[in-house]
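Student: Here is my input, please return the structure:
(2 chains)
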Protein chains: 2
Amino acid sequence: MSNTNAARGMRDFLPAQIRRREYVINIIKSVYESYGFEPLETPAVENIETLTGKYGEEGNQLIYKILKRGEGAATGEADLALRYDLTVPLARVVANHKNDLPKFFKRYQIQPVWRADRPARGRFREFYQCDVDAIGSSSMIVEAELILAICEILQRLGFKDFEIRLNHRKLLSAILSLRIEDESKHTDALVALDKLDKIGEEGVIKELIQRDIEEEIAELFLEAFTDLKNLISKLATNEENNKRTLTDLDRTLSQSNTGKVAVLELREILKFTSTSYIKIDPSLARGLSYYTGTIMEISVGKEIGSLGGGGRYDGLIGMFGKEQIPACGFSLGLERILVVMEERGMFPPELQNNSADVMVTIWNDGAIGESLKLANDLRAEGLRVFVYPEADKLGKQFKYASTINVPFVCVLGESELAENKVTLKNMQTGEQETLTREEIAAKIAKRE
Amino acid sequence: MSNTNAARGMRDFLPAQIRRREYVINIIKSVYESYGFEPLETPAVENIETLTGKYGEEGNQLIYKILKRGEGAATGEADLALRYDLTVPLARVVANHKNDLPKFFKRYQIQPVWRADRPARGRFREFYQCDVDAIGSSSMIVEAELILAICEILQRLGFKDFEIRLNHRKLLSAILSLRIEDESKHTDALVALDKLDKIGEEGVIKELIQRDIEEEIAELFLEAFTDLKNLISKLATNEENNKRTLTDLDRTLSQSNTGKVAVLELREILKFTSTSYIKIDPSLARGLSYYTGTIMEISVGKEIGSLGGGGRYDGLIGMFGKEQIPACGFSLGLERILVVMEERGMFPPELQNNSADVMVTIWNDGAIGESLKLANDLRAEGLRVFVYPEADKLGKQFKYASTINVPFVCVLGESELAENKVTLKNMQTGEQETLTREEIAAKIAKRE
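Tutor: Residues are numbered from 1 along each chain as shown, chains lettered A, B, ... in the order given. Purely as a prediction, here's the structure:
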């Protein structure tokens, strides 16, 4: 007998889990579609060169690599790798299919990615990302629509206490420039500073030093970042806070053109969206180095990290194609959304025990044909029908119906066949009625 | 500039392709659900031991293997592999989650699989399988329902000229036994004989010899198989043919108990389904060695091989668990179905150019907020709305609308804003009307 577990950090999804996953995915898809985003899918397997060097040294270590086949197998070399995120494949597709795609390509992509990370609560080696990206425009209309779509998804899933934290890489850079002139170090510094809550001040200093930043400068970065945290206003509403924070930033950065552009763009987003869910947070850094403009992140309560984040990356597509194409996107973490919704009991009750609407019993071998015919008539009425697959004692069949939780059971016995009727049992109330075939479909559909 | 192609034999799916794929997948899912099948998903990556030795020597060569991470990487060894089909993972899941699954577990699974095969027309290295399997019963009700579900899927997709070829491994074995007593060679022989149309008689003989069958016996197998081809009756209808073929078989196999059981089971399936789509074909062999009973295959026209097939495999799950559990399933080849539907023009026209229902233009920077508000009002009415992402010349925006093929465009200019109205242009007819916001959603939905 062999090991029957799924591979470490990977999961089998049984029917009840899939129904919950599909419930969430369908809401995400339908909101994205309503915003004019279109579906894209890319292969699970990419040429290894497409992925290496795109995710930093840490990311590189987590990529699953596939052995060469045939002659090459003996060398132990890898030529392919498993998809690590959905952004790099998008950049590749945009560069590759440029002539087949509209200028303002808006796509969503909901597919698994694989990372050889250490498994932990809510962290798996195969997990789904739900990405949405708008390619081809630098306008803040793009950011506004992304944020509105994310807010609508979260509301339709039943979240009430969320915030979209919003910041701008150029703003961060302008603030850092007040103390550290060498801008080439800013992005590296931000990726490290993003981990402040996780690894603490010492950890950040250590990481900055690893990234070839002198200790003295590293401390300056940390100070500048602490200043940023103090810049967040603490008034009653997000609207008031945002207004005050941007006024303060405007004053602080009066000498910086970069800083002014950033403040202007954030103001535009607030104006275009007019939603109270946005909170300008000058200390939001985001851990990816490719962001060039706005950055955003979802916060919900304290029990779990962010449910998703994104931002503008005007340089990434140029890594694959001839030209720089502006782009902005957002990635929702399906697995974390599911964990929170599970813990908070946010799934609609009808997702439970939803295997079939009715079970048809088999009276005896001679009645099989008639039972299958009844099942097909009920299917034609739009019902999901489970046929008990064997002639067996009726009691045993009823018991099975209650273990799989179907709400109704049909019996086609000799007397029913003689009268051309069907006995319908409501498994919740125990009530039993003998009805014509026409009557029962309506009764089951209404759950009477 | 780097290589931006998808890996060899793999494909990017742009929006129009995904809409066609989803159209087919949704029909398959909804029919399976109506038959009481439930969704299952397994990881793309399996422990390598789960897959090796399950697909024969040829299959083994086609499995994508994943390099060990960390310390193990240097050795060039593989510990994981990519899913090769959906049947072996199902058998693993049934053995592993035995206590969480109902006795008669009916599942469908629609996921990609990976094979390092030589790419060819309609043959890819990443492709989707749509599997449906019923676990736990030996009754022919299972076969009957599988066949009825497949027929309904094909009909709902628009196929008219299909046949479900049906045969039985025990019948084949009984026929072969008439000439070759050693039953241990029968399965191997059938897997080779299945390729007769592809590799010809010489090829089959060669392959039989490779499988340790003496040349003399190999020729006997070929003769027996040719006899089988002659057994198919050529009357006007499938019903007449099936009746005659089974009568002939009954006579030929009057001495074989195995043969009699097989004929009886085929007769039951015909009785339970009463469909004219089934054709009993005693020469149908199927290329997989794990089948133990009925085998089935879809034929449509001459232009392409089978669109799918399946059968009963009562021994496979026992390879993973403590007990033998009977099982029967069917696998639809999504990629081939799509190729045939494409060539025959079977997709509904509304799948074309289906990016959005309406585009909202941006009159100038000052009007952005109002345009976004209009877009959201239209979305609340259930419409898919594409907002042009920048203030630009109106002519340019209309031109863009026609390249992305949206049927309607909204204009919110100064005069419209003053009157609190919207100008709606029908892009097909060129008609333009100025309407209230309430009126336009209804017009767009009706495509007037």
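
Student: Which pLDDT does the model give the nearest residue to A:E219 once chain neighbours are set aside?
Tutor: If the residues on either side of it in the chain are set aside, A:E219 comes closest to A:I205, at 6.8 Å by C-beta to C-beta, 6 or more residues apart in numbering or on different chains. Just so you know, the C-beta spots here come from the backbone N, C-alpha and C atoms, and that holds for glycine as well. We note a pLDDT of 90 for A:I205 in this prediction.

Student: give me the number of residues near the residue nearest to A:L231 when sequence neighbours are not counted?
Tutor: Ranked by C-beta to C-beta, 6+ apart and with sequence neighbours excluded, the top spatial neighbour of A:L231 is A:P282, at 4.7 Å. A:P282 sits with 26 neighbouring residues when counted by other C-beta atoms under 10 Å in any protein chain shown.

Student: how many other residues sit next to A:G122?
Tutor: Neighbours of A:G122 (other C-beta under 10 Å): 14.

Student: Now do the contacts for the residue lying closest to it once chain neighbours are set aside.
Tutor: In space, and not counting its chain neighbours, A:G122 is closest to A:V339: 4.9 Å by C-beta to C-beta, 6+ apart. Residues in contact with A:V339, defined by C-beta atoms under 8 Å, 6 or more residues apart in numbering or on different chains, are A:121-122, A:304.

Student: again with A:I278
Tutor: Remark: with contacts taken as C-beta under 8 Å, 6+ apart, A:I278 is in contact with A:147, A:163-164, A:166, A:238, A:242, A:269-270.

Student: Go again with 6 Å.
Tutor: A:I278 makes contact with A:164, A:166, according to C-beta atoms under 6 Å, 6 or more residues apart in numbering or on different chains.

Student: likewise A:I63?
Tutor: With contacts taken as C-beta under 6 Å, 6+ apart, A:I63 has the following neighbours: A:51, A:81, A:84.

Student: between those residues, which is nearest chain B?
Tutor: Each of the contacts of A:I63 was checked against chain B using C-beta to the nearest C-beta; the closest is A:A81, at 9.1 Å.

Student: still on that earlier bit, which one of the contacts of A:V339 is nearest to chain B?
Tutor: Minimum separation from chain B among the contacts of A:V339 (C-beta to the nearest C-beta) is found for A:G122, which lies at 16.7 Å.

Student: ok, so what distance separates that closest one from A:R11?
Tutor: Taking C-beta to C-beta, to the nearest Å as the measure, A:G122 and A:R11 are separated by 12 Å.

Student: Name the nearest residue to the closest residue to chain B within chain A, sequence neighbours excluded.
Tutor: Closest contact between chain A and chain B, by C-beta to the nearest C-beta, is at A:G76 (1.7 Å). Counting by C-beta to C-beta, 6+ apart, A:G76 lies nearest to B:G76, which is 1.7 Å off, once chain neighbours are set aside.

Student: Look at the closest residue to A:L288 other than its chain neighbours and report its pLDDT.
Tutor: Sequence neighbours aside, A:V191 is the residue nearest to A:L288 in space, at 7.2 Å (criterion: C-beta to C-beta, 6+ apart). pLDDT recorded at A:V191 is 82.

Student: and A:P43, what is it in contact with?
Tutor: The neighbours of A:P43, taking C-beta under 6 Å, 6+ apart as the test, are B:6, B:10, B:126.

Student: and if you look at A:L190?
Tutor: When the contact criterion is C-beta under 6 Å, 6+ apart, the partners of A:L190 are A:172, A:285.

Student: Figure out the helix or strand that it lives in.
Tutor: When secondary structure is defined using DSSP states H and E, the element that contains A:L190 is helix A:186-193.

Student: For the stretch 51-200 of chain A, which segments count as strands?
Tutor: Secondary structure of the stretch 51-200 of chain A (DSSP state E, counting those that start in this stretch): strands located at A:65-67, A:78-82, A:106-114, A:126-135, A:162-168.

Student: Export the fourth one to PDB, keeping only CA atoms.
Tutor: Spelled out, it's strand A:126-135. Coordinates of each C-alpha in strand A:126-135 appear next as PDB, following Å, rounded to 0.1, in the frame of the first residue of the first chain:
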ATOM      1  CA  GLU A 126       0.200  25.500  -4.600                       C
ATOM      2  CA  PHE A 127      -2.200  28.400  -4.200                       C
ATOM      3  CA  TYR A 128      -4.400  30.500  -6.400                       C
ATOM      4  CA  GLN A 129      -3.900  34.100  -7.300                       C
ATOM      5  CA  CYS A 130      -6.600  36.300  -8.700                       C
ATOM      6  CA  ASP A 131      -4.900  39.000 -10.600                       C
ATOM      7  CA  VAL A 132      -6.400  42.000 -12.500                       C
ATOM      8  CA  ASP A 133      -4.200  44.300 -14.500                       C
ATOM      9  CA  ALA A 134      -4.700  47.200 -16.900                       C
ATOM     10  CA  ILE A 135      -2.100  47.700 -19.500                       C
END
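
Student: Neighbouring strands of that strand in the sheet, and parallel or not?
Tutor: Applying DSSP bridges, strand A:126-135 is found paired with strand A:106-114 (antiparallel), strand A:327-333 (antiparallel).

Student: Deepest in the core, which of the ones you listed is it.
Tutor: When neighbours are counted by mean count of other C-beta atoms under 10 Å in any protein chain shown, the highest per-stretch mean among the strands paired with strand A:126-135 falls to strand A:327-333, a mean of 24.
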